[in-house]
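**Student:** Would you be able to build a 3D model of this:
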Amino acid sequence: MSDLDFEAVVVTYNSAGDIRPCLSSLQNACSRVVVIDNASRDDTVNIVNQEFPKVEIIPAERNLGYGEALNLGIARTASPFVVAANADTIFPAGSLQALERFLKAHP
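**Tutor:** Prediction:
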């Protein structure tokens, strides 16, 4: 994980086809990544557990909906900067670093 102040919360639901590129784009750009899985019926949780061991995954017992799942994830963060993402979001290299610089320069 990164030395940036950013943490990320990713909400998933049946996102096995999308989660790899998303987490790959975040793993070196964030100090912490939390995935809240909304009771997926596919292999999303297993993919995260097996391929992204530094990512914290919280499997919900039911589909909480995006807002409730996001709030659950944000409650687990401590950083002043938290990025919320869907599983199909890909962050270009350097984008979160640029955003962090901007936010710190414009409090």
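**Student:** Can you tell me which helix or strand of this structure has the lowest average pLDDT?
**Tutor:** helix 95-105 (a mean of 90; mean pLDDT, DSSP states H and E).
**Student:** That helix: which residues count as buried?
**Tutor:** For helix 95-105, burial by neighbour count (16 or more other C-beta atoms under 10 Å) applies to Leu96, Leu99, Glu100. Glycine gets a C-beta too; all of them are placed from N, C-alpha and C.
**Student:** Could I get those in a markdown table, plus columns for distance to Asp37?
**Tutor:** Formatted as a markdown table, these follow (distance: C-beta to C-beta, whole Å):
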| residue | distance to Asp37 |
| --- | --- |
| Leu96 | 22 |
| Leu99 | 25 |
| Glu100 | 27 |
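**Student:** which residues are contacting the one helix or strand Asn49 maps to?
**Tutor:** Using DSSP states H and E, the element containing Asn49 is helix 44-51. Residues outside helix 44-51 that contact it (C-beta atoms under 8 Å, 6 or more residues apart in numbering): 12-16, 19-20, 23, 35, 37, 55, 57, 59, 87.
**Student:** 6 Å instead, please
**Tutor:** Residues outside helix 44-51 that contact it (C-beta atoms under 6 Å, 6 or more residues apart in numbering): Thr12, Ser15, Ala16, Ile19, Val35, Asp37, Val55, Ile57, Pro59.
**Student:** OK, contacts around the fourth one?
**Tutor:** In this case it means Ile19. Thr44, Ile47, Ala87.
**Student:** Of those residues, just say which sits nearest to Ala8.
**Tutor:** Ala87 (11.4 Å; C-beta to C-beta).
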